[in-house]
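A.B. asks: The amino acid sequence is not available; the structure is as follows:
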Ligand SMILES: [Zn+2]
């Protein structure tokens, strides 16, 4: 039992590693799927966490050389920043990615430029090296297919809303759906926070993606931020409720007079206060590392400005 807890086991052959992002536990998780002759990682995380990921593999008796597939839910740097570095060091690894994300792993320059506008001089501290993935390593997805990796078959669904190139993976044999950011951020069963950073938040598409996850009827949702959720339906309902609340607040405040920067600061303070009301300080720190509240405002503000022209 102790060993299972340390190994973070979800099901036979399915476990996860806490990447301890920025020395914070419960901020970013990588799922490890092992089966006959194949090891798959879902969302390998940023390259600043590669040493931690390697230690996590070693504690399972695995090495990076055993990894055959990387399944990306989407290409944001906290989920997939290390992809190119892993592939260059281990040239037999194949990478699954949605067709809208593929151009940006082949050439990350636009992705890096866009992230640099958000994170400024923190880019290197947060994400480290970001390398291109050579073309012949990519397996491009559009959603609706089945893919074999980690000794099992995953169903793939296109789940936009958080990102326009987001997919989710369902392992029907274990009942676990690996949903990236589509089911929000939830640390230790606390507040279900919709991560809404720029540039392509779409609240309506997000609703459709949640309905798509419900149709799988998974026993467990696996969130990159952070870990397994064993009661998918109430969790997804809370996500939708909180997305509607946050989105409504941003819409109303955008219509009020005053500079956007002040509104963003006030919104971030409100979100942080709500998290502190419900959780202890280390837990709040994990949320803030996974979903900085100023960025949540920016993503929703961009959505409403685009929508209302
Ligand atoms: Zn993301």
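C.D. replies: Done, it's in. From a predicted model like this one, the values you see are computed outputs, not experimental measurements.
A.B. asks: What is the lengthiest helix in the chain packed up against?
C.D. replies: Using DSSP state H, we find that the single longest helix of the chain is helix 232-255. Where contact means 3 or more CB pairs under 8 Å, 6 or more residues apart in numbering; DSSP states H and E, helix 232-255 is packed against helix 203-216, strand 220-223, helix 260-278, helix 293-308. (Each C-beta comes from the backbone N, C-alpha and C, glycine too.)
A.B. asks: what does the shortest one contact?
C.D. replies: Strand 220-223 is touched from outside by 10-11, 16, 29, 31, 42, 174-181, 183-186, 213, 228-230, 232, 235-236, with contacts defined as CB atoms under 8 Å, 6 or more residues apart in numbering.
A.B. asks: Just those: which are in strands?
C.D. replies: 10-11, 16, 29, 31, 42, 176-180, 228-229 (DSSP state E).
A.B. asks: Closest approach to the ion from the stretch 151-300 of the chain, which residue is it?
C.D. replies: residue 181 (4.4 Å; CB to the ion).
A.B. asks: rewinding a little: put the buried members of the contacts of strand 220-223 into a ChimeraX selection.
C.D. replies: Buried members of those, defined by 16 or more other CB atoms under 10 Å, are picked up in ChimeraX with:
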select :10,16,29,31,42,174,175,176,177,178,179,180,181,183,184,185,186,213,228,229,232,235,236
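A.B. asks: Spit out the contact partners of the closest residue to the ion within the chain.
C.D. replies: Closest residue of the chain to the ion, CB to the ion: residue 76 (3.4 Å). Each residue near residue 76 by CB under 8 Å, 6+ apart is listed here: 163, 181, 197.
A.B. asks: which SS class is the residue of the chain most remote from its centre?
C.D. replies: Relative to the mean C-alpha coordinate of the chain, counting by CA atoms, centre = their mean, the farthest residue is residue 257 (34.3 Å). Here residue 257 is coil, with the state taken from DSSP: H, G, I helix; E, B strand; the rest coil.
A.B. asks: In contact with it, which residues are there?
C.D. replies: Residue 257 neighbours (CB under 8 Å, 6+ apart): none.
A.B. asks: Would you mind giving me the confidence score for it?
C.D. replies: In this model, residue 257 is scored at 95, pLDDT.
A.B. asks: go on, residue 6?
C.D. replies: 58.
A.B. asks: What of residue 47?
C.D. replies: The model's pLDDT for residue 47 equals 98.
A.B. asks: Pull the number of nearby residues for it.
C.D. replies: 20 (other CB atoms under 10 Å).
A.B. asks: Now do the buried residues in the longest helix of the chain.
C.D. replies: 232, 235-236, 238-240, 242-243, 246-247, 249-251, 253.
A.B. asks: Next: stretch 251-271.
C.D. replies: 251, 253, 263-264, 267-268, 271.
A.B. asks: Over to stretch 23-30?
C.D. replies: In stretch 23-30, counting by 16+ other CB under 10 Å, buried: 24-30.
A.B. asks: ok, now stretch 285-299?
C.D. replies: Buried residues in stretch 285-299 (16+ other CB under 10 Å): 285-293, 295-299.
A.B. asks: Switch these over to JSON lines; also include distance to residue 120 and pLDDT.
C.D. replies: Shown next, in JSON lines, are the buried residues of stretch 285-299 (distance: CB to CB, whole Å; pLDDT from 0 to 100):
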{"residue": "285", "distance to residue 120": "20", "pLDDT": "94"}
{"residue": "286", "distance to residue 120": "22", "pLDDT": "93"}
{"residue": "287", "distance to residue 120": "21", "pLDDT": "95"}
{"residue": "288", "distance to residue 120": "17", "pLDDT": "93"}
{"residue": "289", "distance to residue 120": "16", "pLDDT": "90"}
{"residue": "290", "distance to residue 120": "19", "pLDDT": "91"}
{"residue": "291", "distance to residue 120": "18", "pLDDT": "93"}
{"residue": "292", "distance to residue 120": "12", "pLDDT": "93"}
{"residue": "293", "distance to residue 120": "16", "pLDDT": "94"}
{"residue": "295", "distance to residue 120": "12", "pLDDT": "94"}
{"residue": "296", "distance to residue 120": "17", "pLDDT": "97"}
{"residue": "297", "distance to residue 120": "17", "pLDDT": "97"}
{"residue": "298", "distance to residue 120": "13", "pLDDT": "96"}
{"residue": "299", "distance to residue 120": "17", "pLDDT": "97"}
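A.B. asks: quick one, phi/psi of the residue farthest from the centre of the chain?
C.D. replies: phi -70, psi 160 (degrees, to the nearest 10).
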